[in-house]
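*Asks:* Give me a model of this one.
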Amino acid sequence: MKQKWWQKEVIYQIYPKSFYDSNNDGIGDIKGITEKLDYLQSLGITMVWICPIYQSPMADNGYDISDYYQLNPEFGDMKDLDELIEKATEKGIKIVLDLVINHTSDEHPWFQDVLENPDSKYKDYYVLKSGKDGQLPNNWRSVFGGSVWEPLKNTDQYYFHSFGVKQPDLNWENKEVREELYKMVNYWLDKGIAGFRVDAITFIKKDQSYQDVLADGVDGLAKCTKRGRNQPGIEKFLHELQAKTFSKYNCVTIGEAPGVPYEQYGDFIGDNGYFSMIFDFRYADLDVASGSEWFKRVDWNVIDLKGLIFTSQKEIQKVGWGANFLENHDQNRSISKYIKEEENRNFYSATMLGAMFFYLRGTPFIYQGQEIGMTNFKRKSIEEFDDISSIDQYYRSMNEGFSEDEALHFINLRSRDNSRTPFHWSPKEYGGFSEVQPWLGMNENYESINVEQQEKNPDSILNFYKKIIQVRQSSKASECLTFGEIEPILEEHPHIVAYKRKLNEKEVICYFNFSSENNVVKLEQKKYEVLLNNYKDEETIIAIQDYELKPYQALLLLKKEENSDE
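*Replies:* You can find the predicted model right below:
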């Protein structure tokens, strides 16, 4: 495919509520991001994606927007955002915002007018249905649990919410709604941001029959994703969105597009696709049967993991470009998920994981705290959780027959709060995030896992992440590692993930040992240059054919001409 500017980016995701608190109210803010731009620049990233900062009652931490044109006061005001954009630009860092257009908050003026005015024109801005014989319109379950239908006060109607009860879905069948949204999208792009991460976009089209679906839980409900996600006809909406907004700007768009089969990827990210790239969640959710059913645990091995990764890479490579990630605000911490034994969660496994995903074909994303090896927590009671999805999963687990202890175990493993705990800047109280108690309880290991200590240690996870980024962005193999094709190797090996990146005459071989044991690999030729290695004691040039990978070793080898003296 034709090279695009955003393929070269390294994107850092910020959850603003937990990044840095500049005014000591316990909540991270926009000025906190501005104050930490030097840190982000030193890391080597080139773009920041900021989770929603719009006005919101924060029922779902900003993914419930009450005014698309105003910022939430707890984060700051428009002057703060303008300053962030200006200062980030000076440091070569672009800003991407979240775009949440499947639903609004129930406190949005449109929905408030629906509640207050029987003749409101905004009734057609939302999905409203009458009940059937005193029953709900259908048996669909929301992503956050319970029915998708909530009674509309003082009427016989219900409103539809794919997610929380305070997040009514917009009616994309109404052209007037779409035009309002397009106007808002263009407003933000005119403001100078680089683009959007587009939230839950495959939910905007529902099966218009709204018929019952075979129940899949003891609650008698069925997942709304079966009829309320990526339905036929969504292409009309997505083409129109792209044509009336994104295509007018040289911007980047990253779609959160779960439920899209690989055969449709060309429509989403091909030459005339709806988005620049999309996330593929298949490998991120390999430990559960469903991303919305955490109690259905799945045992997996390294062959399963690389099968999902390489299938994704092959399918994306056929048609366009991917967005590669280990963590985000909806996922648990990667080292706690992909490294099963707690005693093996260390510098080597954290850096091996980081390098393994970073050199896949696509634009790499780093989630805040990943670069210092932040881990899952272990909460002792459901009262310690903030995330509405976690609370729902806890009670649903018990409804499905699990004990209270089992339910808490599932939530500790998968809670979205795992990635939302305040960032660890230092070993000081509250991790240097704030001088007062934060909005969400800290992960207790902040005294041993933090930026201040790792910046001082040349052999830290943080400093190795800087090397990982430098190798992709500015080494002699940079073009190959960015734009080159990917070819999986050793696909049946039970402990090693390995692949080649190829561009013209350049070839880089990447080995990642997912084991606490040594594993021997047979190299194709004798002479290679070492581009990256998380073990220090390695020669710059490898001249051997049977190479023994150490536990959790990450090794990148640049293939050299046999007679080359470079």
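
*Asks:* The longest helix along the chain: how far from the chain's middle?
*Replies:* Using DSSP state H to define each element, the chain has its longest helix at helix 302-319. Mean-position distance between helix 302-319 and its chain equals 18 Å (CA atoms, centre = their mean, to the nearest Å).

*Asks:* Give the buried residues for that helix.
*Replies:* Of all the residues in helix 302-319, those buried under the rule 16 or more other CB atoms under 10 Å are 302, 305-310, 312-313, 315-317, 319. (C-beta placed from N, C-alpha, C; glycine too.)

*Asks:* got JSON lines for these, with pLDDT and distance to Ser403 too?
*Replies:* As requested, the buried residues of helix 302-319 are exported to JSON lines (pLDDT from 0 to 100; distance: CB to CB, whole Å):
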{"residue": "Val302", "pLDDT": "97", "distance to Ser403": "31"}
{"residue": "Leu305", "pLDDT": "97", "distance to Ser403": "29"}
{"residue": "Lys306", "pLDDT": "97", "distance to Ser403": "34"}
{"residue": "Gly307", "pLDDT": "97", "distance to Ser403": "33"}
{"residue": "Leu308", "pLDDT": "97", "distance to Ser403": "30"}
{"residue": "Ile309", "pLDDT": "97", "distance to Ser403": "34"}
{"residue": "Phe310", "pLDDT": "97", "distance to Ser403": "38"}
{"residue": "Ser312", "pLDDT": "97", "distance to Ser403": "35"}
{"residue": "Gln313", "pLDDT": "97", "distance to Ser403": "40"}
{"residue": "Glu315", "pLDDT": "97", "distance to Ser403": "40"}
{"residue": "Ile316", "pLDDT": "96", "distance to Ser403": "41"}
{"residue": "Gln317", "pLDDT": "95", "distance to Ser403": "45"}
{"residue": "Val319", "pLDDT": "96", "distance to Ser403": "46"}
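
*Asks:* count of neighbours near the closest residue to Asp199 other than its chain neighbours?
*Replies:* Distances taken as CB to CB, 6 or more residues apart in numbering place Val100 nearest to Asp199, at 4.5 Å, with adjacent residues excluded. When neighbours are counted by other CB atoms under 10 Å, Val100 registers 26.

*Asks:* Same check on Asp60?
*Replies:* 22.

*Asks:* Point out the other elements, helices or strands, that the very next helix or strand once past the longest helix of the chain touches.
*Replies:* Scanning forward in sequence from helix 302-319 by DSSP states H and E, the next helix or strand is strand 322-324. The contact analysis (3 or more CB pairs under 8 Å, 6 or more residues apart in numbering; DSSP states H and E) places strand 322-324 against strand 277-279, helix 302-319, strand 363-367.

*Asks:* give the contact list for the residue nearest to Asp199.
*Replies:* Contacts for Val100 (CB atoms under 8 Å, 6 or more residues apart in numbering) come out as Pro52, Tyr54, Tyr63, Ile65, Asp199, Ala200.

*Asks:* For the stretch 251-400 of the chain, give me the ranges with low pLDDT.
*Replies:* Applying pLDDT under 70 to the stretch 251-400 of the chain picks out no residues at all.

*Asks:* Relative to the helix or strand hosting Leu556, what are the paired strands and their orientations?
*Replies:* Using DSSP H and E, Leu556 sits in strand 554-559. Here strand 554-559 is paired, per DSSP bridges, with strand 506-513 (antiparallel), strand 527-533 (antiparallel).

*Asks:* So for the shortest one, what gets flagged as buried?
*Replies:* Pointing back at strand 527-533 there. Neighbour counts over strand 527-533 (16+ other CB under 10 Å) mark Lys527, Tyr528, Glu529, Leu531, Leu532, Asn533 as buried.

*Asks:* out of everything not next to it in sequence, what's closest to Glu534?
*Replies:* One thing to correct before we go on: residue 534 is Asn, not Glu. Nearest to Asn534 is Thr351, by CB to CB, 6+ apart, at 4.3 Å.

*Asks:* what's the answer for Asp386, then?
*Replies:* Using CB to CB, 6+ apart, the closest residue to Asp386 is Leu440 (5.4 Å).

*Asks:* Contacts only, for that neighbour.
*Replies:* Residues near Leu440 by CB under 8 Å, 6+ apart: Lys17, Ser18, Asp386, Asp417, Arg420, Thr421, Pro422.
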